[in-house]
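Student: Predicted model follows, preceded by the sequence.
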Amino acid sequence: MTETHSAGVRGDSGPRVAELVASRVLDVPDFPKPGVMFKDLMPLFADGEVFRQVVDGIVAYHGRDAFDAVVGIEARGFVVAAAIAYAAGVGVVPVRKAGKLPRPAYSASYALEYGEATLEVHEDAFTAGHRVLVVDDVLATGGTAEATLDLVERAGGTVAGFTVLLELGFLGGRERLAPRPVHALLSV
Ligand SMILES: O=P(O)(O)OC[C@H]1O[C@H](OP(=O)(O)OP(=O)(O)O)[C@H](O)[C@@H]1O
Ligand SMILES: Nc1ncnc2[nH]cnc12
């Protein structure tokens with residue numbers, strides 16, 4: 001469900017949480033490359049009360065019993081994933097950039113808004129049929145998310161949901177991931 005309120009801030013966990021996210025995003029022009037408007041969520045992470053409400057909002061949206069594990073995508077996704085996992089009382093599985101995992105891993109290369117990268121997950125990361133909530137801070141082109149969702153499935157997990165704090169709608173990530181549902185606290 002996507003809600004709209006009078007100030008035009010949209011999100012699918014309600015206008016109050018969307019406002020909170022909007023209030024803690026800094027726009028940084030030309031980072032990390034000319035032409036990119038970088039959305040910096042560090043102020044949100046640094047505000048304990050806002051961070052708590054954001055984490056609680058994500059758990060409430062999906063339902064505490066709807067997932068058995070949380071996947072976080074390196075690096076900013078780790079911040080959100082660990083907090084959600086703790087709040088829900090489940091474990092967290094890191095999806096890491098290439099070469100960081102110590103044991104046999106599945107690998108997926110992809111392009112993102114400002115570059116290319118490879119992500120990996122341990123082959124034994126999930127119990128068969130585990131319902132996995134995948135979280136990240138930002139959805140832009142969807143390259144990172146698409147690679148991660150594929151990795152989760154290759155490793156035997158079942159994707160229970162995909163949540164981001166902020167979606168850059170004009171970059172088409174949601175359409176790229178369709179028909180998989182995308183939950184974004186704030187869409188711009
Ligand atoms: O939708 P996309 O175009 O794929 O972009 C979204 C990804 O870009 C950022 O990660 P980045 O690779 O910059 O890594 P970081 O978290 O280590 O900064 C962000 O945290 C997402 O993971
Ligand atoms: N514009 C952007 N701001 C922050 N993170 C991003 N990841 C991909 N594009 C991004």
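Tutor: Great, that's in hand. Every value quoted in this text rests on a predicted model; they were computed, and no experiment measured them. Ligands and ions are numbered 1, 2, ... in the order given.

Student: Quick check: next helix or strand after the longest helix along the chain?
Tutor: As assigned by DSSP state H, the longest helix anywhere in the chain is helix 48-62. Proceeding N to C from helix 48-62, the next assigned helix or strand is strand 69-73, under DSSP states H and E.

Student: So is that following strand next to ligand 2?
Tutor: No. Judged by Cβ under 6 Å from any ligand atom, strand 69-73 stays clear of ligand 2, getting no closer than 10.5 Å. Any C-beta I mention is one placed from the backbone N, CA and C, and that applies to glycine too.

Student: How about stretch 43-60?
Tutor: No. Legend: contact between stretch 43-60 and ligand 2 by Cβ under 6 Å from any ligand atom is lacking; minimum distance shown is 12.1 Å.

Student: Which other helices and strands does the helix or strand where Val95 lies contact?
Tutor: Applying DSSP H and E as the criterion places Val95 in strand 91-97. Judged by 3 or more Cβ pairs under 8 Å, 6 or more residues apart in numbering; DSSP states H and E, the packing partners of strand 91-97 are strand 69-73, helix 76-88, strand 115-122, helix 143-154.

Student: CSV please, covering those and showing mean pLDDT.
Tutor: Output for those, formatted as CSV (pLDDT from 0 to 100):
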stretch, mean pLDDT
strand 69-73, 98
helix 76-88, 98
strand 115-122, 96
helix 143-154, 98
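
Student: what's the most buried one of these?
Tutor: Compared across the helices and strands packed on strand 91-97, strand 69-73 shows the largest average neighbour count, a mean of 26 (mean count of other Cβ atoms under 10 Å).

Student: just the CA coordinates of that strand, formatted as CSV?
Tutor: In CSV, the C-alpha atoms belonging to strand 69-73 read as follows (Å, rounded to 0.1, in the frame of the first residue of the first chain):
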residue,chain,number,x,y,z
ALA,A,69,16.4,-14.3,8.7
VAL,A,70,17.4,-10.9,7.5
VAL,A,71,19.9,-10.2,4.7
GLY,A,72,21.9,-7.0,4.7
ILE,A,73,23.8,-5.8,1.7
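
Student: Given that strand, what are its sheet partners and their directions?
Tutor: Partners of strand 69-73 in the sheet, by DSSP bridges, are strand 91-97 (parallel), strand 131-139 (parallel).

Student: on that earlier part again, switch the helices and strands packed on strand 91-97 over to a markdown table; also include distance to ligand 1.
Tutor: Shown next, in a markdown table, are the helices and strands packed on strand 91-97 (distance: least, Cβ to the nearest ligand atom, whole Å):
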| stretch | distance to ligand 1 |
| --- | --- |
| strand 69-73 | 5 |
| helix 76-88 | 4 |
| strand 115-122 | 6 |
| helix 143-154 | 3 |
